[in-house]
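In: fold the following, please.
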Amino acid sequence: TLFRSIELTGTEGRSTAVSPVMAVRRLLQLVRCWALNAEQLLFPPPAPVLAVQAPVGAPWVGGEMIDPYDTSNFLNNIFWMAAPKSRRTIEVNRCRRRNPNKLVKIKTNIDVCSMCGHLKQKHVLCGFCYEKVLKETVKIKEQIRLKEGGHFNVATVETAVLYDGEKPTERDEGKRIIERNRKRPSWFALN
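Out: Next up, the predicted model:
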């Protein structure tokens with residue numbers, strides 16, 4: 001009969017009873033594995049090469065003229081992109097999105113600004129103090145514009161800003177003097 005048992009010796013030296021169908025299946029599996037190994041030994045994978053795909057509308061490829069309206073070769077010119085075999089589940093998506101590495105990191109480099117008392121990052125200019133500097137700079141530029149008569153009439157000389165109670169020094173000779181009618185801010189250093 002076809003389904004009579006055949007005794008085979010296993011790898012551990014034990015004999016096991018196997019049907020002929022299972023024996024043929026095992027034999028085919030061994031032959032397939034041997035063929036794959038032999039193919040890799042005889043035909044190693046090719047070395048990496050640079051492949052450049054020419055546009056479909058390119059008239060000359062490989063020295064021969066290609067008809068741009070020929071649709072028989074259309075599928076051969078398409079660069080097939082990788083596509084997922086199955087959709088990601090909502091659990092996988094949520095785990096990826098809520099990964100602890102993607103969460104907002106707690107900053108430990110927060111310090112108090114010594115000038116204004118607002119919080120700022122260490123080694124970074126305080127944003128509140130910078131706003132005050134910007135406002136003062138805009139006012140100084142406006143005074144320069146009024147004194148010089150416009151943006152295009154500004155002389156290319158250094159500018160010295162003097163506040164209430166300050167007088168020009170020897171270093172200010174040859175510089176444009178801008179006088180502000182207020183007390184010098186503590187953050188505006190006297191040069």
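In: quick one, grab the pLDDT at residue 90.
Out: For residue 90, the pLDDT comes out at 95.
In: scratch that, residue 53
Out: Taking residue 53 on its own, its pLDDT is 61.
In: so where do the helices sit in this protein?
Out: Under the criterion DSSP state H, the chain contains helices at 20-42, 90-97, 127-148.
In: most packed of those helices?
Out: Comparing these by mean neighbour count (mean count of other C-beta atoms under 10 Å), helix 127-148 ranks first with a mean of 13. In this view, the C-beta of every residue, glycine as well, is placed from N, C-alpha and C.
In: that helix packs against which elements?
Out: The helices and strands touching helix 127-148, judged by 3 or more C-beta pairs under 8 Å, 6 or more residues apart in numbering; DSSP states H and E, are strand 159-162, strand 176-179.
In: can you put these in CSV and add distance to residue 142?
Out: Below are the helices and strands packed on helix 127-148 laid out as CSV (distance: least, C-beta to C-beta, whole Å):
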stretch, distance to residue 142
strand 159-162, 13
strand 176-179, 10
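In: which of these sits most buried?
Out: strand 159-162 (a mean of 17).
In: now what about that strand, what contacts it?
Out: Strand 159-162 has contacts (C-beta atoms under 8 Å, 6 or more residues apart in numbering) with 140, 144, 168, 171-172, 175-180, 188, 191.
In: where does the prediction get shaky in the protein?
Out: Confidence mapping of the chain against pLDDT under 70 gives the ranges 1-18, 39-41, 44-81, 151-152, 154-155, 191.
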